[in-house]
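K.L.:
Based on what follows, work out the 3D shape:
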Amino acid sequence: MRYGQRMGSIQYGGSADPIHVEDRALAHLKVVIATKLRRQESFTMSWKHADGDAVGRSTIWVHPSIPLRFVFDEPEAGPLNARWIEELMHTANSTGGISLIDEVLETQE
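P.N.:
Numbers count the residues shown, from 1 in each chain. Alright, predicted model coming up:
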C-alpha cells in the first residue's frame, strides 16, 4: 500500500472513539495543530466522518490542556506539502477553526 492510503487516528481527551483520518492528511494536520498548541491557542477542528464511521461530520474544541495523540498506520513519515500546510493554517486562523480540506497541490510555474 502506498503512503497516503492508510488510516491513522487522533485520540483526543478521554474519548474512547478515535477520530479516523487518512495518514497523509493526519501528518499535515499534526503540523498545524502542534503549531497552534505550541502558541497556547485554542481552536475548533471540523471534519467529515471517515468511511466506515457513522455518516456525518463532527467538531471538537482543541485546547492545550487536553491530551492529544496522533496515531499513524504507516510506520514511516512521508514528504509534506508546504502549500497544504499553509492552507490548513489559514483555516485554523479563521473563526470557523481548522477544516480538513482536500490537499492543495503544488503548482509548477
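
K.L.:
give the contact list for the residue positioned nearest the centre of the chain.
P.N.:
The chain has Leu29 as the residue nearest its centroid, 3.1 Å off, counting by CA atoms, centre = their mean. Leu29 makes contacts with 10, 21, 45, 70, 88, 98, 100, as judged by CB atoms under 8 Å, 6 or more residues apart in numbering. Glycine gets a C-beta too; all of them are placed from N, C-alpha and C.

K.L.:
and which of the residues you listed is nearest Pro64?
P.N.:
Nearest to Pro64, judged by CB to CB, of these is Met45 at 13.6 Å.

K.L.:
Please report phi then psi for that closest one.
P.N.:
Main-chain dihedrals, Met45, degrees, to the nearest 10: phi -130, psi 130.

K.L.:
Enumerate every residue touching Ile10.
P.N.:
Ile10 makes contact with 18-19, 21, 26, 29, 68-71, according to CB under 8 Å, 6+ apart.

K.L.:
just the strands in this structure please.
P.N.:
For the chain, the strands defined by DSSP state E occupy 7-12, 19-22, 43-48, 57-62, 68-71, 98-99.

K.L.:
mind checking how far Ala50 is from Ala34?
P.N.:
21 Å (CB to CB, to the nearest Å).

K.L.:
try Ser65
P.N.:
Distance of Ser65 to Ala34, given as CB to CB: 15 Å.

K.L.:
quick one: low-confidence ranges for this protein?
P.N.:
Across the chain, the ranges flagged by pLDDT under 70 are 1-5, 106-109.
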